[in-house]
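Peer 1: Next one to model:
(3 chains)
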Amino acid sequence: MSAATATHSTVAARAWPWRGVLLPLVILAVWQAWGVVGGNVRTPLPTRVVGAAGDLIASGDLPWGIAQSLGRVFLGFAVAALIAIPLGLAMGAFRSVERNVDPLIESFRPIAAIAILPLAILWLGTGTAAAVMIVAYAAFFPIVVNTVAGAKRVEPTLLRAAATMGLSRFATLRTVVIPAALPAIGIGLRIGMGVAWTAIVAAELAVGAKAGGGNTGGIGQMMFVFYAYSIELNRIVVCMIAVGLVALVLDRAIRLGMRLLMPWAPR
Amino acid sequence: MAVFFVVWALIARWTANPVLLPSPLAVGEAFAALAGDLELFRHAGISFGRMLISVGIAVAIAIPLGLAMGLSRTLDGIVDPTIEVLRPISGIAWIPLALFIFGIGNALPVFIMTYTAFFPILLGTVAGVHGVDRKLIDAARTMGVPYRAIVMRVVAPAALPSLLVALRLGVASSWTAVVAAELIGAPSGLGYAVEWYRELLATPQVMAFIAMIGILGYLTDRAVRALATRFTPWAVETRQGHS
Amino acid sequence: MGAAMMKTVPRIDALHHSASARIAAPKLRLEGVCKRFDVSAAQATVAVADFTLDIARGEFLVIVGPSGCGKTTVLNVLAGLEAPTGGAVTIDGRAIRGPGPDRGVMFQDYALFPWHTVWGNVEFGLRHGPAGSGLDADARRKRVASYVDLVGLSGSEAKYPHQLSGGMRQRVALARLMANEPDVLLMDEPLAALDAQTRIILQEELLRIWGQDRPAAERRTVVFITHAIDEAVFLADRVAVMTSHPGRIKAVIDVDLPRPRNDATRALPQFQALTQHIWSLIRDEAYRATVT
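Peer 2: Residues are numbered from 1 along each chain as shown, chains lettered A, B, ... in the order given. Presented below is the predicted three-dimensional model:
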């Protein structure tokens, strides 16, 4: 954004700071009106959604569901990162590694994690193990792809500078490639976390749909139960909002984490 | 790559449980059989068709909207916060509610896939417009070119590379969603087939369909990339790591 | 009347041209070096051919030539970052086989590590490379501090590169280079990215840090590349003029301007004469580079 547009936007923002709220308010109002006039007892309405939210939080169901899902996400994410980052660095630094591993990665990348779910269920049952496997699979690809890109795109002059100071290949990898690749790794982690969260919700939904009821848990399953069993549409909406909020928080958390890891980056 | 198949075959031999892990040969045979009686292609075609429709709808809405938002700060200020609130709610999370509204059938996957593809394409278009080098626009203005022509002949071409990258992303996300949506809520398609055969414990077929998902995903991505090269040959293909 | 009032403009004559490019017991020697790049199976670019040059111990040698004449290739060969396709390049008589801290390099874009502070950057070669072996933490700290001070950056040790101006970054790059106490300093157009005013200041700073106020025996050998002729004349003991396509030495000019050099030096008629002379040697090629 050039200086010209930046000033323009600040002026515009100052002129009408609340315009961002306009559209959501209109939508909510129309929704509420339509529901009251044309809907029935089951129709989800903003007011009812708020009420349902209160119920779910108070009863502990919502926090518990989120906690379960998050637990699996963190586990799967950690597994993915622990494999993907070293592998990505090795691939970025050594042509031979890349040549051998890349075809495998590129073959599986278009296969979404959720497609693997039936296989995972076949192998590991419908519990947490399968869920973690799906999450790890999903998060693996963005992390490894971005790590490789980061390791490969280290500025050549930095590598040359290290060479002229007499550093060994390994020392260069350790002291130059890794710090230089950190921003790209951060992007990979952010995207990976986003994909992981989506994957767990999808997996839990699917498991809920197939395994039916039960408390194997997570927010995805909660949502399905509200759809298929208790038909609580307002609660479904609450879960959807919760999914969105958690996604936002996770994203911010990773961004914050990366900022702490890279104190040298300009704001 | 070859090593992968060899290792697979060995492990399959070792576990000797064709339900748990069939040999690559068995999967190959299943694939051939399914292809032979066209069942593979029938489902593939259905899924692919849904994706085309979804991406088409998403593009039809997202690109004009994105262009408008990129050009007008006011519009951007009004619409963007709503977008940012909806975006983290993944298309997948909409499935239960959408199931209720649409029921099981064709509409459900299309809705989910359109929703999923919409956001990357919209945001990519806006970013593309914002990323247009100010100097290019200024140069056109100093030549007396009117606003409309600037939008059509300067902004749009300049934003095209970014837009096509966003399209790739949108298509890929949409393809991911197709599987989830069909697995849960459709009577046909690749996702449905995967689940159907799993319930029959016919693992070779399950893997064959999964492979098909991968192949189609890869081909579609290649197609969009070819599109990008054809229409924006001047753009340096920054092999972004995003996936 | 007119003729008497005019300053006598000194003439550059054959005396200023080194009798040959050869010196006895040179610090660095390039002998018949040629470097060919294979662009594709059918096409090759010969960057440098039949390049012969000796560089004396402790001298400040500047290589100047039109854009694209292969100056950077010569530097890379001296640095050991590239191997010559033909010919020999030696330091103290030993063949150069690869890069090392004995030939420190200063790059045009500074190549500072963005994740290290000024201190971290200057310390880098001592900390992770062979130049620092045998130094304990305390000795290392002292050395880093002395070089940070030498380049005039005391007080900025904790700053990150993105917080520094172009001139400051160049000083950091220089301090980092010198902290390794190399025998030879190789500089690839280090001042090119700076604005004209900063450049003038840094030229003098460079000479000060190099030790132009000190006896010749204490100075390190410098090979400096630039396309700015006035910069070359200001800094150098000798100027090697290159031609391009392929690159080779056209002439080596002795610069007998007195040291220490400063603003007054630029006003000397001898300075003008040398600059004009060198320009006349390159001019045609420079013109051709703009139309082909």
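Peer 1: burial measure for residue C:221, as a count.
Peer 2: By the criterion of other C-beta atoms under 10 Å in any protein chain shown, residue C:221 has 21 neighbours. From N, CA and C alone the C-beta is placed, and that goes for glycine too.
Peer 1: so it makes contact with residue C:185?
Peer 2: Yes: Residue C:221 is in contact with residue C:185 according to C-beta atoms under 8 Å; the separation is 7.1 Å.
Peer 1: check contacts around residue B:46.
Peer 2: Counting by C-beta atoms under 8 Å, 6 or more residues apart in numbering or on different chains, residue B:46 makes contact with B:188, B:189, B:190.
Peer 1: where does it sit relative to residue A:254, distance-wise?
Peer 2: Residue B:46 sits 37 Å away from residue A:254, taking C-beta to C-beta, to the nearest Å as the criterion.
Peer 1: now swap in residue C:228 and tell me
Peer 2: Taking C-beta to C-beta, one finds residue C:228 at 47 Å from residue A:254.
Peer 1: Return the backbone torsion pair for the nearest residue to residue A:36 once chain neighbours are set aside.
Peer 2: Spatially, and ignoring its direct neighbours in sequence, residue A:36 is nearest to residue A:45 (7.0 Å; C-beta to C-beta, 6 or more residues apart in numbering or on different chains). When read as degrees, to the nearest 10, the backbone of residue A:45 gives phi -130, psi 150.
Peer 1: can you tell me how far residue A:45 sits from residue A:201?
Peer 2: Noted for residue A:45: a distance of 24 Å to residue A:201, by C-beta to C-beta.
Peer 1: cool, residue C:24 as well?
Peer 2: The gap separating residue C:24 from residue A:201 is 79 Å, by C-beta to C-beta.
Peer 1: between those two, which one's more packed in?
Peer 2: A count of neighbours by other C-beta under 10 Å puts residue A:201 above the other of residue C:24 and residue A:201, at 28 against 6.
Peer 1: Let me see the contact set for the nearest residue in space to that one that is not next to it in sequence.
Peer 2: Nearest non-adjacent residue to residue A:201, counting by C-beta to C-beta, 6+ apart: residue A:220, 4.3 Å away. Taking C-beta under 8 Å, 6+ apart as the criterion, residue A:220 is in contact with A:69, A:200, A:201, A:202, A:203, A:204, A:205, A:206, A:207, A:208.
Peer 1: any idea how far chain C is from the second one?
Peer 2: Distance of residue A:200 to chain C, computed by C-beta to the nearest C-beta, to the nearest Å: 33 Å.
Peer 1: Now do the same for that residue: helix, strand or coil?
Peer 2: Assigned with DSSP: H, G, I helix; E, B strand; the rest coil, residue A:200 falls in the helix class.
Peer 1: you'd agree it is up against residue A:76?
Peer 2: Yes: using C-beta under 8 Å, residue A:200 is in contact with residue A:76, at 7.4 Å.
Peer 1: Any idea how far the helix or strand encompassing residue A:254 is from the middle of the chain?
Peer 2: Using DSSP states H and E, residue A:254 maps to helix A:233-261. Centroid separation for helix A:233-261 versus its chain: 8 Å, with C-alpha atoms, centre = their mean, to the nearest Å.
Peer 1: Helix or strand with the lowest mean pLDDT in chain C?
Peer 2: Using mean pLDDT, DSSP states H and E, helix C:2-5 stands out as the lowest-scoring helix or strand of chain C, at a mean of 44.
Peer 1: After that helix, which helix or strand is next? Please name it.
Peer 2: strand C:28-38.
Peer 1: How far does the very next helix or strand once past that following strand sit from its chain's centre?
Peer 2: Counting by DSSP H and E, the next helix or strand C-terminal to strand C:28-38 is strand C:44-55. Distance, stretch centre to chain centre, for strand C:44-55: 17 Å (C-alpha atoms, centre = their mean).
Peer 1: got the buried residues for strand C:44-55?
Peer 2: Judged by neighbour count (16 or more other C-beta atoms under 10 Å in any protein chain shown), strand C:44-55 contains these buried residues: C:47, C:48, C:49, C:51, C:53, C:54, C:55.
Peer 1: how about CSV for the residues you listed, with pLDDT and distance to chain B added?
Peer 2: Shown next, in CSV, are the buried residues of strand C:44-55 (pLDDT from 0 to 100; distance: C-beta to the nearest C-beta, whole Å):
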residue, pLDDT, distance to chain B
C:47, 83, 25
C:48, 84, 29
C:49, 84, 33
C:51, 87, 34
C:53, 89, 38
C:54, 90, 43
C:55, 90, 40
